[in-house]
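Participant: Mind looking at a prediction? Sequence and model below.
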Amino acid sequence: QVQLVESGGGAVQAGASLRLSCVLSGGADSSFSMGWFRQAPGKEREFVAHISWSGRFTYYSDSVKGRFTISGDPAKNTVFLQMDRLKSEDTAIYYCAAAPAMLMVETTPSSSDYDYWGQGTQVTVSS
């Protein structure tokens, strides 16, 4: 059974950086493309970033493009989200998600495109 465990969240000041990590286990010989979503209080879950199984393709929401970077370490089954120049509106619970390796992202993906989810890690940015 596939499991995802996020870490790296915390409370920071605006302008600071954080790096989130997500470790995937139980995937046997399967390949996955990975994504990050977030959910702020009182709001729906929204897409943040996606990386293809090869790592060669990435896709970002407009709200984080240029500030966040998604990357992966296949040898460690880990995907990262480097978050720079954080803003108060980035405050949310951040979720890691895994999708079939063949998922092609040409427009903003939805939550339903991903099959497996982590429990989330809280990011709080104060201004």
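Facilitator: The structure has been received and is ready for your questions.

Participant: At the geometric centre of the chain, which residue sits there?
Facilitator: What sits nearest the mean C-alpha location of the chain, by C-alpha atoms, centre = their mean, is W36, with 2.0 Å.

Participant: Can you tell me, leaving aside adjacent residues, what's nearest to that residue?
Facilitator: For W36, ignoring the flanking residues on the chain, the nearest one in space by C-beta to C-beta, 6 or more residues apart in numbering is V48 at 4.3 Å. C-beta coordinates here come from the backbone N, C-alpha and C atoms, glycine included.

Participant: which neighbours does the strand or helix carrying the residue nearest to the centre of the chain have in its sheet, and in what orientation?
Facilitator: Per DSSP states H and E: W36 is located in strand 32-39. Strand 32-39 pairs in its sheet with strand 46-51 (antiparallel), strand 92-100 (antiparallel), by DSSP bridges.

Participant: what's that strand in contact with?
Facilitator: 2, 20, 22, 24, 45-53, 70, 72, 79, 81, 90, 92-103, 105, 109, 111, 113-114, 116, 120, 123 (C-beta atoms under 8 Å, 6 or more residues apart in numbering).
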